[in-house]
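Asks: pasted the sequence and its predicted model underneath.
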Number of protein chains: 2
Amino acid sequence: MRLVIAKCQVDYAGRLTAHLPLATRLIMVKADGSVLVHSDGGSYKPLNWMSPPCTLVVAEPDEEAAEAGVTAVWTVQNSKSDDRLVVSIHEVLHDADHDLGVDPGLVKDGVEAHLQKLLAEQVETFGVGWRLVRREYPTPIGPVDLLCRDDAGVAVAVEVKRRGEIDGVEQLTRYVELLNRDPHLSPVRGVFAAQEIKPQARTLATDRGITCVTVDYDALRGVDDPSTRLF
Amino acid sequence: MRLVIAKCQVDYAGRLTAHLPLATRLIMVKADGSVLVHSDGGSYKPLNWMSPPCTLVVAEPDEEAAEAGVTAVWTVQNSKSDDRLVVSIHEVLHDADHDLGVDPGLVKDGVEAHLQKLLAEQVETFGVGWRLVRREYPTPIGPVDLLCRDDAGVAVAVEVKRRGEIDGVEQLTRYVELLNRDPHLSPVRGVFAAQEIKPQARTLATDRGITCVTVDYDALRGVDDPSTRLF
DNA sequence: TTTTGTATCTCGTAG
DNA sequence: CTACGAGGTACAAAA
C-alpha cells in the first residue's frame, strides 16, 4: 500500500462527473491498483476513488498544466468500464510504501441472517407448541423468512428483521395475502419479528392483524450451543 | 490526519459484532476523531471503522493482553450511540501526522435531478410538438417527474431515472393509473426515460403499454447553455 | 429537527 | 454470470 500526502486536484469521469479543487489530501494506492482520495474528515467514504480492476499511469503534465503548477498527472483507468480518475499532483508532502500482506478478513455476527437462523432453531420463542415448516418458504414474489404452524396448527408467515420498519410490514402483508390463496395453507396469519419495532410499523401491523414480536438477540444466542458461536 | 501502519487486532461492538484477526493494516485517524482500518485490497470501504462524533482513548493493555503481545489498546467510543471500536496494537511499523486543512469539497454533476431538469427544458427529446405541463406534478402518492402533452395533446406522465430498473416501471404504473382517474387528464400514457434501461424493466414497461426512451445525457447537456454548466 | 430517496453505493448470496 | 436484498449503509434534499 502506497500512501501519498499531496496538494492535488482530482477529476472523475464515468457514471457521473466530479471535481475536487486544489487542496492537500491523502492518496491511497492499494495493492490491487485501486485508488482512494481522502480528506481529513467526513465518513469512511473517500472524496473520490477508483475501484479495481484498474491501472495507474503516471505522466508528465502538459505545458498548460505545468504552468498552473502541476508536477505530475496520475491517470487511473478502470479496466472494465470507461470510468477514469485523474489526479493532478502539485506538491508531494509524503510518499511511502508499505507491505501489508493479505488480510485474513472480517468475522461478522449479529446480522439478520443469524437472527433468522436462531429463530428457526427456536420457534418456541413465538409460543409453546409452535413448529417450523421451513425457512425461506418460496412464494411467487419471493421467499418468506419462516413458515410455521402454531399450537393450533394454523399456518403463520414470519418476517424477520433486525429493525422492524414500515416496509417490512408491507412485505409481510403481501406474503400473507398470497399464501392465503393457497387452500392447503389458508388461513395464514402473519408475525413480524424484530429486535426493535418502530411505532409506525407496529401500528400498521396491528391494523392489519399482524402480530408483532420483539426479539432479544442475546437471549436467543444465550440458549444456542456455545460451540457454534464465533468467538 | 494520523496514519499508522501496525500489526493489530480489531473488535467492533455496536449494531453488530465484528472481529479482525491479527494482521498488518493501515489505521487512519481523522481530525474529527473518526478512525478507519484499511487492508491492502477490497474497495473503498474500510474493514472496520468508527464514524464521528467519537473519541479515541489510548490505554495500556491488561496483563493477559500484554502477554499475548499487545503493546497498546485504542478504544474509539461513539459519542451518540454505544458503538465501540477496540484496536489492539501489537507492533507499530509507521506513525506520522499530517495537517491537511479543511477540504473545499466535491462538485458533482450528472445525477438524476440534472437529467430531469435537462429533459424538462428539452421535452422535444420525446417528440416534435411536445410541451411541458409541469415538473414534479403532484399526485396523492407523490410527484410525477414530468407531466407533458404530446403533439396530439394527449397527457403523458414521464418518469426519469439514471438507470431504468423494474421498480421505476412499477412507480410509473401507479402514477399513470392514478392520473387516469382524473377526467381532466385522462387518457394518460406513460414514458419511462433513462440513460440505460434494463431488459427486465423494458419488458415490463412494454407489457404495460409504457414507452421506453433511452436518453443521451451528453447530447442533452451539449445543447444546454454552457454558462449554466459547473465547469 | 426527522423523514425520504439516491448512490461512482458496497457486499453478500442465491439461482 | 446476473439478480436481489441488506447495510454499523452514507449522503443530501425535502418536509
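Replies: Ah, there it is.
Asks: use CA for all of it now, contacts and neighbours both
Replies: Noted.
Asks: ok, residue A:7 touching residue A:20?
Replies: No: with contacts counted by Cα atoms under 8 Å, residue A:7 stays clear of residue A:20, the gap being 11.2 Å.
Asks: the residue of chain A found nearest DNA strand D: what's it in contact with?
Replies: When scored by Cα to the nearest atom of the strand, chain A has residue A:43 as its residue closest to DNA strand D, at 4.1 Å. Each residue near residue A:43 by Cα atoms under 8 Å, 6 or more residues apart in numbering or on different chains is listed here: B:34, B:51, B:52.
Asks: surely residue A:64 is in a helix?
Replies: Yes: under DSSP: H, G, I helix; E, B strand; the rest coil, residue A:64 falls within a helix.
Asks: against chain B, how distant is it?
Replies: 17 Å (Cα to the nearest Cα, to the nearest Å).
Asks: and that residue, how far is that from residue B:162?
Replies: Look at residue A:64 and residue B:162: by Cα to Cα, to the nearest Å, they are 35 Å apart.
Asks: out of the contacts of residue A:43, who's the most crowded?
Replies: The residue in the contacts of residue A:43 with the most neighbours, by other Cα atoms under 10 Å in any protein chain shown, is residue B:34 (25 neighbours).
Asks: check which residues of the biggest helix by length in chain A are buried.
Replies: Longest helix in chain A, counting residues (DSSP state H): helix A:166-179. Across helix A:166-179, burial judged by 16 or more other Cα atoms under 10 Å in any protein chain shown covers A:166, A:168, A:169, A:172, A:173, A:175, A:176, A:179.
Asks: could you do stretch A:22-38 as well?
Replies: A:22-38.
Asks: any low-confidence regions in chain A?
Replies: A:110-112, A:140-142, A:218, A:221-231 (pLDDT under 70).
Asks: point me to the residue of it nearest DNA strand C.
Replies: Counting by Cα to the nearest atom of the strand, chain A gets nearest DNA strand C through residue A:48, at 3.4 Å.
Asks: and that residue, how many neighbours?
Replies: Residue A:48 has 20 nearby residues by other Cα under 10 Å.
Asks: and what of residue A:183?
Replies: 9.
Asks: pretty sure it sits in a helix.
Replies: No: according to three-state DSSP, residue A:183 belongs to no helix; its state is coil.
Asks: from chain B, how far out is residue A:48?
Replies: 8 Å.
Asks: ignore what I typed, I meant residue A:31.
Replies: The value you get for residue A:31 to chain B, if Cα to the nearest Cα is used, is 6 Å.
Asks: check residue A:59 too.
Replies: For residue A:59 relative to chain B (Cα to the nearest Cα), the value is 23 Å.
Asks: how about the nearest residue in space to that residue that is not next to it in sequence, secondary structure?
Replies: Distances taken as Cα to Cα, 6 or more residues apart in numbering or on different chains place residue A:73 nearest to residue A:59, at 5.2 Å, with adjacent residues excluded. Classification of residue A:73 using three-state DSSP returns strand.
Asks: isn't residue A:73 up against residue A:62?
Replies: No: when contacts are counted by Cα under 8 Å, residue A:73 is not listed as touching residue A:62 (9.0 Å).
Asks: neighbour-wise, which of the two wins?
Replies: More crowded of residue A:73 and residue A:62, by other Cα under 10 Å: residue A:73, with 22 against 13.
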